[in-house]
Every structure is written in C-alpha cells, then in structure tokens.
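**Student:** generate coordinates for the sequence data below:
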Amino acid sequence: MKCLRNTILFVGTLSPSISLGFAPRPTSLLLRTSMMASSTSSNTNTCPKTGNPLPNLPIPEPLLSLTPGTWAYDTMSRRLNKEILQRTYEENQAAFESPEFAEALVRFNNLRSELDNAADTKLSYLKFDEVEDGRPDEVVERERREWREILSPYIENNDTWLSAPWLVTEFYAYRRLIEAIGYYDKSNPATYLYDPFAVAKKAGLESSVKSAENMLEKIVSLPNTKEGVGLAAAFALWGNKMDLSIWPADAENSSLDVFAKILHAADQNLLHDDTTELAEHCETLRKRGDGSVDIIVDNAGFELVTDLALADHLVTSGVAQVVTFQLKSHPTFVSDALEKDLIETVEHYAALPEDKFPNARAAGIRWQQYLEVGKWVCNEDNFWVQPSPMWEMPEPLRSDLKNRCDLAFVKGDANYRRLLGDRYWDYTSPFKDVVGCYFPCPVCSLRTLKAEVGCGMEKEQVDRAKLLDDEWMVNGRFGVVQFGSGANE
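**Tutor:** Residues are numbered from 1 along each chain as shown. Model (predicted):
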C-alpha cells in the first residue's frame, strides 16, 4: 500500500447584500476586513505572500459572522457550540469524563464558554508544546508559524469570533478542539490521536452500505467514454448530500436508497454544469494513457464512498494511471476524512458479506488492490485543515500539483469556500476568472451549496433557485459542476 504523509507542512448579478437579504456592512467593518483583502490584492495580479497567481477579478471582502439571519452568524453564534460540540460531548461522554481526559475536558468546556460569548470573546493564539507533541519538531514549528500568520491580523485588531472572517474562525474552532483534547499530546495515550468524531464517522460508514451497493453495481457497468466520466462525477457530486455536519448519520438511512432519490433530482438542481468540458479533458487523458488525477476529499461516510467510486472509474476507464487522495491531517468539520478513514472504509467494504452486498464487497477488494499496487495514493497535509485561500497554496504542495497533477477534483463546501477565499463574489463571476486562472492545474469543483458564497452561476439559474427555495445557498439542495483549465504559467 502506497500512502504518503507530507511532514513538511504548508491540510453564485446582484450584490450579496441584495440577493440574499444581508444587511450592508458598516464602514468600520469594511475598513477592518480590508486587511485580509490587502494581503492578497496586487496590481501585478500575484499574491504578495506567496507569489502565486491571483484571481483575474478584483478580490472582494470576506464573509464575516456579524449579521443575524445568515448561515455564518448562526454557525458561529449557535450551531457550532449548541449542536456540533454538544453532540461531540454526548458521543464521547464516557471518554471525556474519565480521569485521563480531566484536563482535556476543562479545555473543551473553556472553548465552549468562548463560543457561548462569541460576540465579545477575542481570538487568541493556538498553544503548542514541542516537548509533548508527537510530531517532529520542524512540523510543529511550521504549523505554529502558519497559524500565527493566519491569526495575527485579527488578534492585533482585537477581533472576536464573529468579527474576524468566518472561514478563519470556523477552521480555528476545530483546531482549538484538537488542542483542547490533547490530540498531539504523546504523554497521554488516552488523548493522543483521539478522534472526537469517530462515532459520527463510523455511523456514516455503516449507514452508507445499502445506497452504495446499488451505486457500485452501476459504477462497474459505466462505459469507458465521456458519458461514463460524467455520470461518475455526478455520483461524486451528490454524495455531498450525506454531509454529517448537517445531517447526523443514523440507522434509518441505511434502510433507504437515498442516493437514487438525489440522483433523480440532480438535473433540475444543477445551477451550473461544466460536465462536457470535464469529459473532454478526461478523454484527452484517456487517450494519453498516463493521467495523474487528484481528489481533494471532503467528507467521510457515503460521500467518501462516492469519491472512491469516482477514483475506481478513473482507473478502470484509463483516464488515470494514478489517483491521489488529498486528505485532512487531523479531525475537523465533524465528518472530514483523514487517511485512516479512507483505509477503514476500504477495509469495511472488503469485509462485507458477499451474499448481502456483493457489489460493495467486490469494490472494497478492488480498492485494496489499488492501494497495494500504488494506483491509489493517500496524502495528508496541514494545508487542507487551514483557512488560507487556495491562491495562497504554499510550496511544495503547489509545485507538486502543478508538475504532477493533470486534473484535481475539489470536493465539498469548505474546500469550495477556500477556492473562492470565502468572499462576496458576484454569483455570475465566471469560475475561470475566479479559480481556473490561478489554480496550479486543471480543476473541477463538485459542490453542493451549503454556504452563502458562490460564483460561475448564470443569473437565470440563480433567480430560479431563489424562487424555489429561500435557503437555496445553504441547505445542499443545489449543486454545481465547474471546470477550469488552471493557471497559464
């Protein structure tokens, strides 16, 4: 099995205030958020921090969490603490209340107290302990430096959990959780590498099998054509419907073919569709015969299974000789997948009873073989668990994608927000001018909408979605398939 671990760290015409009913931001807030914009804006259209290309269009201001009624405000002022961390406590109560977790529980409750008073609690720097941290010293030091660079503008500005950019505070909250439980503390075997979301992810894995059985039967029969790639991508896109951070996984889901219902509604729920361009690019790779494709993974559970199914088709159809899964380096956003989650998923499927789930079992055995012979590669990186916009992708990750990767699928909403820097882009701004022009390789975003940010959607489609659903931007009903050719460097 060939799995890599990089130990040198770097893991939607109208303005949004009109189209989503946001209150206009006060002038003081516009001045405050200009710090983040100035760090990435440049007359030369290159990032002053990294030298990377920037979006072709002027970079707008970031989303904050200050406006009641927005998804950002509800997440940071209520949902993260009252729902996600409360559920985390309930699922880990026995461990959290054990003597070994005594200090961790104090830190966990302190974090929850800060979120209880998010509007008034100022941000603080993360704490690192090189002596007890189980990682190499240079890895710890680099992560310390990266997070200090991320947080310093907002700490120096006395920003709170709500007044700093939403993307920053949300990623920061999950990193604070990792700090609180002592995830990297090798002196405490009980907390070291303890995944607080393991219960939720295991439930998602177990409940995925019935829907996956039907899907995997179809995957093996897909033609090795542009149409086959398009359908495999559609499978991977609508897997986002199973995001555990919004819909808790439970036993009921395992008795339903949820995927069939989602796929049936897929056509009317796409607000932009670049499947034709994607398929043409994949056909070029197929004819070349040595394609290298990456999947920047989002959630574990059923969505991860759809990613594996997509990767399966890419290999068997000849589009990719190697598929690399870009994975999170520590637990985050409840259901986001680590390398261990991918391996556990493959092993779970390979061990299923053949009489009940023949297609899922056969897929699991195939996937084990791909890992063993190096057709599938796993890579964890800290860049995937940090809030920096993807135009600030550091070395050596960026050069690796630029020089090795022929196509990167970017999965999920948090990754999409980072593609856009979590900023107020005009919903109709072309994807190629926001993302395709700076990304280091050809890129395809497969996203269902779960945050109040977007681009590359036609005005008529945006208007249609608004009429159909007041919560069209945040409930995952609508999706996009967006393709960009990558930076011309």
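**Student:** what's the longest helix in this protein?
**Tutor:** helix 137-156 (DSSP state H).
**Student:** just give me how far it sits from the chain centre.
**Tutor:** A distance of 21 Å separates the centroid of the chain from that of helix 137-156, by Cα atoms, centre = their mean, to the nearest Å.
**Student:** and for stretch 468-479?
**Tutor:** Centroid separation for stretch 468-479 versus its chain: 18 Å, with Cα atoms, centre = their mean.
**Student:** stretch 201-214 now?
**Tutor:** Using Cα atoms, centre = their mean, the distance from the centre of stretch 201-214 to the centre of the chain it belongs to is 20 Å.
**Student:** end-to-end on that stretch?
**Tutor:** This stretch, stretch 201-214, spans 21 Å end to end (Cα to Cα, to the nearest Å).
**Student:** what are the buried residues along that stretch?
**Tutor:** Residues of stretch 201-214 classed as buried by neighbour count (16 or more other Cβ atoms under 10 Å): Lys201, Lys202, Ala203, Gly204, Leu205, Ser207, Ser208, Val209, Lys210, Ser211, Ala212, Glu213. Yep, even glycine has a C-beta here, placed from its N, CA and C like the rest.
**Student:** now the residues you listed in CSV, with pLDDT, secondary structure and distance to Leu314?
**Tutor:** Compiled in CSV, the buried residues of stretch 201-214 are given as follows (pLDDT from 0 to 100; DSSP: H, G, I helix; E, B strand; the rest coil; distance: Cβ to Cβ, whole Å):
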residue, pLDDT, secondary structure, distance to Leu314
Lys201, 97, helix, 24
Lys202, 96, helix, 27
Ala203, 95, helix, 28
Gly204, 94, helix, 23
Leu205, 97, helix, 22
Ser207, 94, helix, 26
Ser208, 94, coil, 20
Val209, 96, helix, 22
Lys210, 90, helix, 25
Ser211, 87, helix, 21
Ala212, 93, helix, 18
Glu213, 92, helix, 21
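**Student:** hang on, the earlier thing: mind listing what's buried in the longest helix of the chain?
**Tutor:** Across helix 137-156, burial judged by 16+ other Cβ under 10 Å covers Val139, Val140, Arg142, Glu143, Arg144, Glu146, Trp147, Ile150, Leu151, Pro153, Tyr154.
**Student:** quick one on the thing from earlier: and of the buried residues of stretch 201-214, the nearest to Ala236?
**Tutor:** Minimum distance to Ala236 across the buried residues of stretch 201-214 is 12.5 Å, recorded for Ala212 (Cβ to Cβ).
**Student:** the closest one contacts Gly364, correct?
**Tutor:** No: checked against Cβ atoms under 8 Å, the pair Ala212 and Gly364 is beyond contact range at 9.9 Å.
**Student:** touching both of these two, which residues are there?
**Tutor:** Taking Cβ atoms under 8 Å, 6 or more residues apart in numbering as the contact criterion, the common neighbours of Ala212 and Gly364 are Tyr349.
**Student:** where does Glu61 land on pLDDT?
**Tutor:** With respect to pLDDT, Glu61 has a value of 96.
**Student:** do the same with Val220
**Tutor:** Among the per-residue scores, Val220 shows a pLDDT of 88.
**Student:** and if you look at Cys3?
**Tutor:** 47.
**Student:** re earlier: helix or strand right after the longest helix of the chain?
**Tutor:** Stepping forward along the backbone from helix 137-156, the first helix or strand reached (DSSP states H and E) is helix 166-181.
**Student:** excluding sequence neighbours, find me the nearest residue to Trp367.
**Tutor:** Val346 (4.5 Å; Cβ to Cβ, 6 or more residues apart in numbering).
**Student:** who touches the helix or strand that contains the one you found?
**Tutor:** Assigning secondary structure by DSSP H and E places Val346 in helix 339-350. The set of residues external to helix 339-350 that reach it, using Cβ under 8 Å, 6+ apart, is 3, 5, 195, 201, 205-206, 209, 212, 297, 300, 304-305, 308, 325, 327, 360-361, 363-365, 367-368, 371, 378, 380.
**Student:** dump the C-alpha coordinates for that helix into CSV.
**Tutor:** Listed in CSV are the C-alpha atoms of helix 339-350, where the atom choice follows Å, rounded to 0.1, in the frame of the first residue of the first chain:
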residue,chain,number,x,y,z
GLU,A,339,-6.2,8.8,5.7
LYS,A,340,-7.3,6.4,8.4
ASP,A,341,-10.9,7.0,7.5
LEU,A,342,-10.2,6.1,3.9
ILE,A,343,-8.4,2.9,4.8
GLU,A,344,-11.1,2.0,7.3
THR,A,345,-13.7,2.5,4.6
VAL,A,346,-11.9,0.3,2.1
GLU,A,347,-11.4,-2.5,4.7
HIS,A,348,-15.0,-2.3,5.9
TYR,A,349,-16.3,-2.7,2.3
ALA,A,350,-13.9,-5.5,1.5
